[in-house]
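Enquirer: need coordinates for the following:
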Amino acid sequence: MMISTKGRYALRTMLDLALNDEGEYIPLRDIAERQDISVKYLEQIVSALTRAGFVRSVRGTGGGYRLAKKPEEYTIGMILRLTEGNLAPVACLEFEQNSCPRAANCVTLGIWEKLYDAINNVVDNITLADLVRNAKTGKR
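Expert: Numbers count the residues shown, from 1 in each chain. Predicted coordinates for the structure are as follows:
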């Protein structure tokens, strides 16, 4: 499994909004400049974030984007699943019911299940607020 550019940029955008929240809407060009992302590509990303209710937008003078909720209310998993879909490392784990005809005899299935559990455990237990704290303290 590899996280796409869209997923990485969505996470960076959400983090940028959290780090630069001063109660005002943040213009898209400011985010694009700080994150070194083209405005055109960033428009696609914030459109998806807005449709999902993760960010709010206002048009016109003084317009821009801001988080719809507090950083503590977003997990990294929420953001990545929005852009990436399911984070399963193999296709047979993409749905709750494994429909693979080899599932009952698959010796490697246990490995993929453990890997999937580990991925979910990491991304679902780190919040945007955790990343904000890390950014402010210089921690990785």
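Enquirer: give me the residue at the spatial middle of this protein.
Expert: residue 79 (2.4 Å; C-alpha atoms, centre = their mean).
Enquirer: verify the stated contact: that residue with residue 11.
Expert: Yes. Using C-beta atoms under 8 Å, residue 79 is in contact with residue 11, at 5.3 Å. C-beta here means a position set from N, CA and C on the backbone, and glycine is covered the same way.
Enquirer: residue ranges for the helices of the chain, please.
Expert: 5-19, 28-35, 39-51, 76-84, 109-123, 128-137 (DSSP state H).
Enquirer: buried sites along the third one?
Expert: By neighbour count, with 16 or more other C-beta atoms under 10 Å as the criterion, the buried positions of helix 39-51 are 42, 45, 46, 49.
Enquirer: dump the residue contacts of the third one.
Expert: When contacts are counted by C-beta atoms under 8 Å, 6 or more residues apart in numbering, residue 46 is found next to 13, 28, 31, 55, 57, 65.
Enquirer: the same query, at a cut-off of 7 Å, please.
Expert: Listed by C-beta atoms under 7 Å, 6 or more residues apart in numbering, the contact set of residue 46 reads 13, 28, 55, 65.
Enquirer: restricted to buried residues, select those residues in PyMOL.
Expert: Buried residues among the contacts of residue 46 (16+ other C-beta under 10 Å), as a PyMOL selection:
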select buried, resi 13+28+55+65
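Enquirer: ok, which pair from the contacts of residue 46 is furthest apart?
Expert: 28 and 55 (10.7 Å; C-beta to C-beta).
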